[in-house]
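Peer 1: Sequence first, then the predicted structure:
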Amino acid sequence: MKVAAVDGRLALVTAPGKAVDVAEASGGRFGPDVHQAYERWTELSEFAATIGEGHALERPVRDEQLGNPVPAPRQVFAIGLNYADHAAESSFAVPETPPVFTKFPTCLTGPYGDVAIPDGGNVDWEVELVAVVGKRAERVGEDQAWDYVAGLTVGQDISERLLQLAGPAPQFSLAKSYPGFGPLGPVVVSPDELPDRDDLELGALVNGEQVQKGRTSSMVFSVPALIARLSAVTPLQPGDVIFTGTPSGVGMGRTPQRYLKAGDQLVSYVHGIGELRQRMVAA
């Protein structure tokens, strides 16, 4: 199953560039609200099995119609240093427990659009696989954790490094929460759609130049490990999102350091899910 937000309405993607409106196809059994997909994931999965390519209500979808497919998470978790090569470029040891912070939900946005660069900011890129919770998870074992994942999507943890490192303590959450700093999409893909949910290629390009490329099998803490560790502390709710960390290649880790500027085009992808496209603009 592939879930999308098409003109702000819940839709099932049936083929590239085509989708079916869930409220219309279900005769009102499901409403148009996208967040309900995660509240009723099992029901929706069963319904989606009846909707295939060529469905009578299938309609073409343009990129500009696609919005954030996870628009209302109650909790946003983000994991730092979850790839050994990124830890090394950041001059940190590989962590023994996952460093956790948040991105405030107002920074979340859809897969395509402009991102304003804060005046004087050092704005960096971090492509990430994002896991979306499909049912309440509390004290879940790692061996059962995939059962609590509704799907996976592409995320960009855009970061302003000056604010991030300012003050007596780092300001990770604040510096990563400017408007537009959390694009998600273009779809949420159920794990059974993927050839290997534990080993996906992800990467980022700036103006066509590949700046990041890695595989999720290299994560220090896998998706199931993160679900287990997070749910041991706080219950995870349907529609919560987990930014699972970024591989090496960020601008801050380069010599000389490199940051995004107005006019730059940032493309982020996870194979099997899709890509994000952001254009940087002046504040």
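Peer 2: That came through fine. Numbering: from 1, shown residues only.
Peer 1: What segments of the stretch 101-250 of the chain are strands?
Peer 2: 108-109, 112-117, 123-124, 127-133, 149-156, 159-160, 182-189, 201-206, 209-215, 241-243 (DSSP state E, counting those that start in this stretch).
Peer 1: Which one of the ones you listed lies nearest to Asp21?
Peer 2: strand 182-189 (14.7 Å; CB to CB). Using the backbone N, CA and C atoms, a C-beta is placed for each residue, glycine as well.
Peer 1: Return the residues in contact with Ile273.
Peer 2: Leu152, Thr153, Val154, Pro186, Val187, Val189, Leu194, Leu200 (CB atoms under 8 Å, 6 or more residues apart in numbering).
Peer 1: Rebuild those as JSON lines, extending it with pLDDT.
Peer 2: Listed next are the contacts of Ile273 as JSON lines, based on pLDDT from 0 to 100:
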{"residue": "Leu152", "pLDDT": "98"}
{"residue": "Thr153", "pLDDT": "99"}
{"residue": "Val154", "pLDDT": "99"}
{"residue": "Pro186", "pLDDT": "98"}
{"residue": "Val187", "pLDDT": "98"}
{"residue": "Val189", "pLDDT": "98"}
{"residue": "Leu194", "pLDDT": "98"}
{"residue": "Leu200", "pLDDT": "98"}
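Peer 1: From these, pick the one nearest Tyr259.
Peer 2: Val154 (21.4 Å).
Peer 1: Would you check how far apart the closest one and Val241 are?
Peer 2: Note on Val154: its distance to Val241, by CB to CB, to the nearest Å, is 12 Å.
Peer 1: same deal with Ile79?
Peer 2: Counting by CB to CB, the gap from Ile79 to Val241 is 11 Å.
Peer 1: now do Asp114
Peer 2: Counting by CB to CB - Asp114 and Val241 are separated by 22 Å.
Peer 1: Compare the two (neighbour count), which wins?
Peer 2: Val241 (26 against 11; other CB atoms under 10 Å).
Peer 1: ok, the closest residue to that one other than its chain neighbours - contacts?
Peer 2: In space, and not counting its chain neighbours, Val241 is closest to Pro73: 4.8 Å by CB to CB, 6 or more residues apart in numbering. Pro73 is in contact with Pro105, Leu108, Gly239, Asp240, Val241, counting by CB under 8 Å, 6+ apart.
Peer 1: which residues sit in contact with the nearest residue to Ala150 once chain neighbours are set aside?
Peer 2: Nearest residue to Ala150, sequence neighbours excluded (CB to CB, 6+ apart): Gly134, at 2.9 Å. Applying CB under 8 Å, 6+ apart to Gly134 gives the contacts Tyr38, Trp41, Thr42, Tyr148, Val149, Ala150, Gly151, Pro238.
Peer 1: Show me what the fifth one bridges to in the sheet.
Peer 2: It stands for Val149. Val133 (DSSP bridges).
Peer 1: Quick check, pLDDT for Glu160.
Peer 2: pLDDT for Glu160: 98.
Peer 1: cool, and Gly167?
Peer 2: Taking Gly167 on its own, its pLDDT is 83.
Peer 1: Leu10 now?
Peer 2: 98.
Peer 1: where along the stretch 1-150 of the chain do the helices fall?
Peer 2: Counting by DSSP state H, counting those that start in this stretch, the stretch 1-150 of the chain has helices at residues 22-25, 36-39, 41-48, 84-89.
Peer 1: winner for burial among these?
Peer 2: helix 36-39 (a mean of 22; mean count of other CB atoms under 10 Å).
Peer 1: and it, how far out from the chain's middle?
Peer 2: 17 Å (CA atoms, centre = their mean, to the nearest Å).
Peer 1: Now do that helix: which elements does it pack against?
Peer 2: If you count contacts as 3 or more CB pairs under 8 Å, 6 or more residues apart in numbering; DSSP states H and E, helix 36-39 packs onto no helix or strand.
Peer 1: quick revisit: of the contacts of Gly134, which is the nearest to Val123?
Peer 2: Gly151 (28.3 Å).
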